[in-house]
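my questions concern the predicted model and sequence given below.
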Amino acid sequence: MTPAHYIVLSAVLFTIGAAGVLVRRNAIVLFMCIELMLNAANLALVTFSRMNGTLDGQVIAFFVMVVAAAEVVIGLAIIMSIFRTRRSASVDDANLLKY
Amino acid sequence: MESTVQFTAAGVAYAPATGLLSHAWLLVAIPLASAVVLLLAGRLADRWGHWLGCASVAAAFVLGLLSFLQLRGLDNRSVELSLWDFISVGGLNVDFGLLYDPLSAVFVLLITGVGFLIHLYAVGYMAHDEGRRRFFGYFNLFVAAMLLLVLGNNYVMLYVGWEGVGLASYLLISFWYTRPAAATAGKKAFLMNRVGDAGFAIAIFILFATLGTTQYDEVFGNVDALGSGTVLALGLLLVLGATGKSGQFPLHAWLPDAMEGPTPVSALIHAATMVTAGVYLIARSNPVFSANATLQLVVVSVGALTLLVGCVIGMAKDDIKRVLAWSTVSQIGYMFLGVGLGGAAYALAIVHLLAHGFFKAGLFLGAGSVMHGMNDETDIRRFGGLARHMPITWATFGLGWLAIIGIPPLSGYFSKEPIIGAAFNRPGWTGWLFGGAALLGAGLTAFYMTRLFVLTFHGPKRWTESTGGYGARNPHESPPIMTVPLILLAVGSVAAGWLMSTSVVDWLTPVLGGQRELAEPNLGHGTLTVLAIAVTVIGAGWAYLRFRNGTALAPEPAGPLVTAARNNLYVDAFNEAVFAKPGVYLTRALVYLDNRGIDGLVNGLAAAVGGGSGRLRRLQTGFVRSYAMSILSGALLVVAAFLALQLGWLA
């Protein structure tokens, strides 16, 4: 297992996440895909940290986790309130904010 | 930059004012204060305002007379009174100062003396007018501005007074501003005066640019230091200003229209005083004009042309005030002729100006008296036989008539005949040309004034005597407050010429230069006198024979010359076609350019931005996943760009 494998895994996870964001309609699934992308980024950061022999990447990974946790709190609250008013968690239905 | 001109003030020195003369500022201040009171007090002053107006001018006259008497006792009769620094900026120093010298002294006496009589007359004439207090306010404002004009000791002060009388003239011409004709006439006078005033202002700028001063003594002492081109430009611009104010060709068209104002205004402003300001300007600037022969030729030509134009048009007019107005144009032409001839003729022009002030004011007031008695009718074709009904007006108007046509021993003879003589004495063929024009003008003057007099007061009556209905007339003599000024002015018309013909000329010598006798006059004095009287008598006699039996009630078809004269020799039409019409078209073109060009550009820009945003707005679809697509594409683009740089694809 060389560090390059971890980079490839990170890229694959990121691509799966991005594709999920683009093709899925359910807000919860979308959210999980975003988490997947964030964790792919974390994996890349930690790997680079290991490759370069510095701790910077790992520190940033912790920041990302904190921000992701906060984001989940806000995001789930929003999704909950949307679902309560519309009886739907589809992101395509929540399209009132437009031209 | 340093001033390159050193002031030597050769031959011009003004003494400081002492005694009563140090109060000369009161001459301006009293009428001005009265005007302020009359205009600000509102209806409170309605009952006594006109008497205050008369009293202020009377006080100014008494003060002027006392100052005049004190001036006579002095050796140096040019007294300067510097009040305060008017403008002091960098190299420009304008003194708020007065100059009381023989020339201003006679003007002060004319303005306040004749002005007082006309104020008195206006008390009666305007008795039934609601705006009488306002009228007297403007009238006093005029007197104050006119006195400032003649009393200033530099060109800027002269200009202040010049604009002041212009303002008063505008306000008084349009006094009955609800009449469209009066409002238009006021605007016309104001606009045509602007043309002249612009010239005068530029002349002052030239003075400051070349000499660095506008004080009379410093300017006149240094005229020799100026190049002949500068003097010519300066003089021509001064002449432009003078022609505008004095109603001379080519800016004369406003003066006859100014008769829309009340008759006392025509008498004081548009006959006796303000319109002679141009003559005063040239006489005051005599060192400038004497320094350049071309300049004098221009002034003489303007005078000669205008006096003929005025006569010719005056012969064809039927409105009593307009005939007198054209006669004023023509008589001021004589004065321009005089000041243009230079030398001794400066004083002759001033004498004619003073005499004209008396008899023309008298004639205008007489015309006002006729209108007063005839229910404001002004058409001389509808007068006739009025001598029996208004004897005092008839007698005073008659004396004014004899004075203006120059029958000895009335004043016109003593003042006009020497100018004709001086014109003949101009060396060379121009002497015959200008002398001939002046002599012809005398004959024409006799003709139209006799026509006016005979048609108004003699011959069959051409009005209906009754008390009701349109066109009904009930001619009556005016009240004493109007006839007394008429009588006094008539006395002045009779006596003034003989009294002034030598005394005023001597009196003015310190300001206007001494007598200059010509070695070989073109015409002897005796020949000239006979010739002038003969021409006058022929003109008057012809008019009498032609009009003693009255005339038609309406203008009849006439030859081309008379038709042209009735249309003011088409000068109005010319101005309309050459100046007014292109101006109108230019305005329209500019409005079009503004609406379509400038506004179009701005509006077009706004419309383009608005339309563009309207389309760009459609990108906000509201679908979250398409936003995510955009963000991802952008991120991929950025990464691709980094990679491209990193791998050297773009190098």
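Ah, there it is. Just so it is clear, the structure is predicted and the values come from calculations on it, not from any experiment.

quick check, pLDDT for the nearest residue to residue B:248 once chain neighbours are set aside.
In this structure, residue B:248 finds its nearest non-sequential neighbour in residue B:306, 4.7 Å apart by CB to CB, 6 or more residues apart in numbering or on different chains. C-beta: built from backbone N, CA, C; applies to glycine. Note on residue B:306: pLDDT of 92.

in what helix or strand does residue B:306 lie?
Assigned by DSSP states H and E, residue B:306 belongs to helix B:293-316.

next structured bit after that helix?
Helix B:293-316 is succeeded, C-terminally, by helix B:320-341 (DSSP H and E).

now do that following helix against helix B:293-316: the angle between them, please.
Between helix B:320-341 and helix B:293-316, the angle comes out at 160 degrees (axes from the mean of the first three to the mean of the last three CA atoms, to 10 degrees).

give the contact list for the closest residue to chain A within chain B.
Residue nearest to chain A within chain B (CB to the nearest CB): residue B:622, separated by 3.0 Å. Neighbouring residues of residue B:622 by CB atoms under 8 Å, 6 or more residues apart in numbering or on different chains: A:95, A:96, A:97, A:98, A:99.

low-confidence stretches in the chain?
Chain wasn't specified; assuming chain A. Scanning chain A for pLDDT under 70 picks out nothing.

I was thinking of chain B, sorry if that wasn't clear
B:1-12, B:465-473, B:514-523, B:650-651.

got the residues of chain A near chain B?
Residues of chain A found near chain B (CB under 8 Å from any CB of the partner chain) are A:18, A:21-22, A:25, A:30, A:91-92, A:94-99.

again, 7 Å this time
A:18, A:21, A:22, A:91, A:92, A:95, A:96, A:97, A:98, A:99 (CB under 7 Å from any CB of the partner chain).

who wins for most neighbours among these?
Neighbour counts for the residues of chain A next to chain B peak at residue A:21, which has 23 neighbours (criterion: other CB atoms under 10 Å in any protein chain shown).

all helices for chain A, in order.
Residue ranges of the helices in chain A, as given by DSSP state H, are A:3-23, A:27-52, A:56-86.

is residue B:80 in a helix, a strand, or coil?
strand (DSSP: H, G, I helix; E, B strand; the rest coil).

same thing with residue B:118?
Going by three-state DSSP: residue B:118 is helix.

excluding sequence neighbours, find me the nearest residue to it.
Residue B:118 sits nearest to residue B:268 (CB to CB, 6+ apart), 4.5 Å away.

for that neighbour, list the residues it contacts.
Contacts for residue B:268 (CB atoms under 7 Å, 6 or more residues apart in numbering or on different chains) come out as B:115, B:118, B:361.

if we can go back for a sec, out of the residues of chain A next to chain B, which one sits closest to residue B:128?
Distance to residue B:128 across the residues of chain A next to chain B (CB to CB) is lowest for residue A:99, with 75.3 Å.

look at residue B:249 and say how many residues are nearby.
22.

what helix or strand is residue B:178 on?
Going by DSSP H and E, residue B:178 is not in any helix or strand.

distance from the chain centre to stretch B:610-627, please.
72 Å (CA atoms, centre = their mean, to the nearest Å).

cheers, nothing more for now.
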